[in-house]
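Peer 1: Give the three-dimensional model of this entry:
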Amino acid sequence: MISKILIIMSNGIPCYGKTFVGDTDMDYDLVSGFLTAISSIAKEIGGGEIRSLYFRNFNFIYTRDEENLCMFIIVTDIDDPEEDAREKLELLKTEFINRFHSDLKNWDCETGKFEVFDEFVEKRIYIPPRILMIGEEGVGKSTIMNLFPGETILELDDDLNEIIQKSITLSNFERINECILREIDLKELIDNSKIYRSLLDSVDIICIVTNSGASNIGRTQRLFSQLEKKVKKADFYVLANFQDLQNTSYEPEKVQEMLGIQTYGFCAIKKEAKEKIYEIMSEMIKISIIEKIISKQG
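Peer 2: Just a heads-up that it's a prediction; the model follows:
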């Protein structure tokens, strides 16, 4: 996901910066000086414009406007598809230049005038965490999806595949205020993994739902072993549903032992199910996104 945005004037002075996840105390002047110097060196040696810099833990994706007024940079996780960030970067550049062209041509080093750009960045540039909920038929995926308010969208991806999704509002994080929850059948995903390649490459978290029964867990284990090989970056979790059926359901600890994946016990029909699923999703995001990015940047 996109963790930071930085816009640098042609003289190397930063005019706009935004942090979504990670350290908010970044020295933008220092980073701007480094990136500007690297860009200048590339031109001096005939390398042309830098389009991206790859580090061990994150990527810098670059572009410039036609008049060379600014350099636009998006910082992403090392495993994120560059094409997603590139699309957002072009949108960022176009909107910023359209809004502030005259201010940039006659810039007085006052950055406060660009603070109004936050609203656009938060709504149009930021990519919320993406969670993929998968499982066999009858494990409760639709019931869990219906615990969240709002409209369920039947989305078509780039290859016209149907994916059920909802935008989920979050309240326990300072800068992450929503996530995208998508639902698909586990076997369908594996059987057509080539068709769903872009989906598998873009999600941050994959939540496998089981009905906690022995037969379903056994099948899930076999299907997971096939799916795991096809996933590049997402973290896996298990939601052991139907915990109210004590005589037929394995406890979460046993499911975790069998599958080797962090498991949360759940019952989608309990009164407190809505509150519980928000807690579980928030913990997944905290572990797999916030703490992971902070550890990389530290």
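Peer 1: so where do the strands sit in this protein?
Peer 2: 2-9, 14-19, 52-54, 58-64, 70-77, 130-135, 153-156, 162-169, 178-185, 205-210, 235-240, 263-265 (DSSP state E).
Peer 1: right, so of those, which gets closest to residue 104?
Peer 2: strand 70-77 (6.5 Å; C-beta to C-beta). Every C-beta, even on glycine, is put in place using the N, C-alpha and C of the backbone.
Peer 1: and that closest one, which strands flank it?
Peer 2: Strand 70-77 pairs in its sheet with strand 2-9 (antiparallel), strand 58-64 (antiparallel), by DSSP bridges.
Peer 1: what's the most buried one of these?
Peer 2: A comparison of those by mean neighbour count, using mean count of other C-beta atoms under 10 Å, puts strand 2-9 on top with a mean of 22.
Peer 1: what's in contact with that strand?
Peer 2: 14-22, 26, 28, 31-32, 35-36, 58, 69-77, 80, 85, 88, 92, 96, 104, 107, 114, 121, 125-127, 293, 297 (C-beta atoms under 8 Å, 6 or more residues apart in numbering).
Peer 1: In ChimeraX, how would I select just the buried ones from these?
Peer 2: In ChimeraX, this line selects whichever of these come out buried by 16 or more other C-beta atoms under 10 Å:
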select :14,15,16,17,18,19,20,21,22,26,28,31,32,35,36,58,69,70,71,72,73,74,75,76,77,80,85,88,92,96,104,107,114,121,125,126,127,293
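Peer 1: And residue 51, how far from residue 245?
Peer 2: Distance from residue 51 to residue 245, counting by C-beta to C-beta, to the nearest Å: 54 Å.
Peer 1: again with residue 36
Peer 2: The spacing between residue 36 and residue 245, counted by C-beta to C-beta, is 62 Å.
Peer 1: Now for residue 255: which residues touch it?
Peer 2: Contacts for residue 255 (C-beta under 8 Å, 6+ apart) come out as 210, 212, 217, 238, 240, 263.
Peer 1: Equivalent analysis for residue 214, please.
Peer 2: residue 250.
Peer 1: Now the lengthiest helix in the chain: buried residues?
Peer 2: Identified as the longest helix of the chain according to DSSP state H is helix 82-105. Going by neighbour count (16+ other C-beta under 10 Å), the buried part of helix 82-105 is 84, 85, 86, 88, 89, 92, 93, 96, 97, 100, 104.
Peer 1: With pLDDT and distance to residue 226 as new columns, can these be given to me in CSV?
Peer 2: CSV is the format used below for the buried residues of helix 82-105 (pLDDT from 0 to 100; distance: C-beta to C-beta, whole Å):
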residue, pLDDT, distance to residue 226
84, 80, 26
85, 86, 29
86, 89, 31
88, 91, 32
89, 92, 35
92, 95, 38
93, 95, 41
96, 96, 44
97, 95, 47
100, 94, 50
104, 92, 52
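Peer 1: between the residues you listed, which is nearest residue 288?
Peer 2: Taking C-beta to C-beta as the measure, residue 288 lies nearest residue 84 of these, at 17.7 Å.
Peer 1: Hmm, residue 130 and that closest one touching each other?
Peer 2: No - at 10.3 Å, residue 84 does not count as touching residue 130 under the criterion of C-beta atoms under 8 Å.
Peer 1: which residues do these two both contact?
Peer 2: The overlap between the contact sets of residue 84 and residue 130 (C-beta under 8 Å, 6+ apart) consists of residue 202.
Peer 1: that older thread, from the buried residues of helix 82-105, which is closest to residue 197?
Peer 2: Using C-beta to C-beta, the buried residues of helix 82-105 come closest to residue 197 at residue 84, 13.4 Å.
Peer 1: Contact partners for the closest one?
Peer 2: Taking C-beta under 8 Å, 6+ apart, we find residue 84 in contact with 127, 202.
Peer 1: got it, and the one 4 residues further on?
Peer 2: By C-beta under 8 Å, 6+ apart, the contact set of residue 88 is 2, 74, 125, 127.
Peer 1: Dig out what residue 165 forms beta bridges with.
Peer 2: residue 153, residue 182.
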